[in-house]
Structure formats: structure tokens, C-alpha cells
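J.: The sequence isn't on hand, but the structure is:
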């Protein structure tokens, strides 16, 4: 007798996970993480530690978003690098962040997402500065270093009205990143709903960045399906291809607008980049009623945890069967949907866990099961206020 996806999900939800399963999963994860540690610290013939550079995925999984810009199937988001308010960044974290950078690059990650607004006040542009610094101090081969790609975003600040302001912003980002040309330049959000004339200037400025060689490819962030079609058409008139679209996309951010945006991207040949694939960490399974994160996320998670419990239970069951972690399954789900997820990593432990999402794929049945449970939730992750329709 066959069991439907819905019945299987209900069975998973009703079946409590034993403490033995928890222990086994932790041991499996520790073993996997240990191998990653070894990869980054094998000794050379001189007895000094050397970096072992070997991608954790197949070459066929690379995505070409523009001529000469081929990116890994998963990137690294650097929103937390320089952000004190939400992520508690301190400059004392920089040495470990360099280790995070070295580890992910040596494991095949060559795509990093940042923004000129990541890091404010005295930390203005800090995330971009760190990426430039870390690339310069990466101890691996020139072959790997020469194939690194950074995507940055230009904020729709009210003073950025004329096209030249976006070009100036892009040049400033390039200086902080230490590059002659940025691999991917993106508008951080659309101003169309509240300042349509500014939006026109920003779009023209993005096109000029491409035409002047300041960026090698262009993309957008937080543009919904309607705005995606609109800017794709405007750029095409100037012969500028829209390479990417970045939206909040995860098992808890897969509503009508997200799914429509994915359809539009597929139709236009645009690569979809999924940010916040772990829903700010809620899908990691690390938090509960008595273990909430500090800051704004704590209150948000407290209200969401009871609502999303069915999804977390199914996610945990699949992770246990797969000998993976919940984070790895959630990130892998994004890749199975044809997107390029960009999870963040504040430390080595998070970076190593994220890397465990590479080199395998969920089955079609597992994806369908997760979809079914997620679509049945009455409440999901709050959406970015800058997201347009």
C-alpha cells in the first residue's frame, strides 16, 4: 500500500525523535566537520599547514551568469559581517571570519554576496572591506583566487537619484573590494512604489555601470515578479542583460510572490539567488521556547515557533534519515528548486555546517514532502519591507 506525501508527513510529525537519534546525528555531523577541518590544515612537505583546495560539488553544478562569471551552486552571504544591531558583529571577530573565508573558498565556494549598506556608521562599507581584505590574504592558489566573484548591492538612498550616483556608488564599492570591475552589481531594492523617478535614474545608472565596465553583470534584489519583467524590459532596450534576481526564499518564504518570481526568472533566463535560506536561523533547529536568540530575532522566533513546528519536525526527520543537519536539508531544498542560496556564516562552525549542503540532492519525494508541509502552514517568515510585487 502506497503512502501519500501528506500521510508520510503526518507520520513524521506524530513520531517523536528519540534521544538516540539526536546523539547519532550529532556524532555524524561532528565526524563530517572533522573532515572539513583536516582539509584545511593538512601538512605540506615542509611541515607547515597548507590549504587543500577541492570543491565539494561537481563542475557541472556551476552556474554561468555572464561571460566569464561562473559561480558555485551555493554562495556565502555576508550581511552579518559588519552588522552590530542584528548579528552582534565586533571587529575582534575578523580573524575567525578570515578562516571562514579561507575554508569556504578552498571548498569550492567562489561567490560572495554583500552590499554597500552592510555596516553603517563607523563601520560603513565594512562587509565589502572585509571581503577585499580576505581575498588579498587568502593563502591558496592564484588559480582559485582569480576565479572569485563578489556580488554587491547599491542601496536606494534618497540622494541616489541621478544615474551618475549609482555609477559613483559602484566605483566606491569596487575600491573597497579591491577590484577593477565588480562581478555582479545589483540594485538593493526598488524605489518604484514610492519614488518612481528615482527608480528610473537608478535603472539607468545600473545600465551605465555595465556599459562603462564598472560591473561585469547586473542584477536586482527584492524585486517582485511584475517589477522583474519591467526592469528586464528596460535594460534589454539598452542591450544590457539582467543576470540575476535576489529574493527572500526558503521553506518559510515560499509564498505566491516568491513562486511567481521564480517562474518569471525561469521564463527570462535569470538566475534566482535565494537569501535568508535558513529564515534568519529558524530552520536550523537550534532554537526553541527556552533557547531563543538575542536581539530582534528572539521575539520573532517566539511567535513563529509554535506555528512552524510541523515543518521543523519533518525537516528534522529527513535530516536524521539523511545523516545531515536541518540547516543542510533546508539549504539543499533551495538548490533543488533551482536557486543559488547564499547562507551566512559568522564563525567556522556555521561555515562547515553550510558546506555539508553540497555534494548531494534531496529526492523528488523529499522535496514534495517538505513543500506539502510548508504550504500548509498558516504563518511563515515575515517578508522584507523592501520587497515589491
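T.: Received the coordinates, thanks. None of the values given here were measured: they were computed from a predicted structure. Residues are numbered from 1 along each chain as shown.
J.: going forward, measure contacts and count neighbours with C-alpha atoms only.
T.: OK.
J.: any weak-confidence spans in the chain?
T.: Where the chain drops to pLDDT under 70, the residues are 1-50, 86-87, 120.
J.: Strands of the chain, start to end?
T.: 42-43, 49-50, 63-66, 69-71, 76-77, 111-113, 149-154, 184-187, 218-221, 242-248, 271-275, 340-341 (DSSP state E).
J.: what residues does the last one touch?
T.: This means strand 340-341. With contacts defined as C-alpha atoms under 8 Å, 6 or more residues apart in numbering, strand 340-341 is touched by 73-76, 271-277, 331, 334-335.
J.: That one: partners in the sheet, and parallel or antiparallel?
T.: Strand 340-341 pairs in its sheet with strand 271-275 (parallel), by DSSP bridges.
J.: buried set for the partner strand?
T.: 271, 272, 273, 274, 275 (16 or more other C-alpha atoms under 10 Å).
J.: quick check, distance from that strand to the centre of its chain.
T.: Counting by C-alpha atoms, centre = their mean, to the nearest Å, strand 271-275 is centred 7 Å from the centre of its parent chain.
J.: Out of the buried residues of strand 271-275, flag the one nearest to residue 375.
T.: Proximity of these to residue 375 (C-alpha to C-alpha) peaks at residue 274, which lies at 18.0 Å.
J.: Hmm, that closest one is touching residue 246, no?
T.: Yes. Between residue 274 and residue 246 there is a contact under C-alpha atoms under 8 Å: 5.8 Å.
J.: so how far is residue 138 from residue 174?
T.: 18 Å (C-alpha to C-alpha, to the nearest Å).
J.: which one of these two has more residues nearby?
T.: residue 174 (23 against 19; other C-alpha atoms under 10 Å).
J.: What's the local residue count around residue 386?
T.: 14.
J.: Could you do residue 85 as well?
T.: So residue 85, with other C-alpha under 10 Å, has 12 neighbours.
J.: And it, how far from residue 295?
T.: Residue 85 is 8 Å from residue 295, where distance means C-alpha to C-alpha.
J.: Nearest residue to the middle of the chain?
T.: Among the residues of the chain, the one closest to the centroid is residue 342, at 1.4 Å (C-alpha atoms, centre = their mean).
J.: Please list all residues in contact with that residue.
T.: Per C-alpha under 8 Å, 6+ apart, neighbours of residue 342: 74, 75, 76, 77, 112, 113, 273, 274, 275, 276, 277.
J.: what residues does stretch 231-241 touch?
T.: So stretch 231-241 is contacted by 203, 207, 210, 211, 217, 218, 242 (C-alpha under 8 Å, 6+ apart).
J.: Let me see the ranges of the helices in the protein.
T.: 5-14, 19-39, 84-87, 94-106, 126-136, 142-145, 163-177, 196-211, 225-237, 256-268, 296-322, 326-336, 348-355, 364-375 (DSSP state H).
J.: how about those helices, which one is nearest residue 57?
T.: Of these, nearest to residue 57 by C-alpha to C-alpha is helix 348-355, at 9.8 Å.
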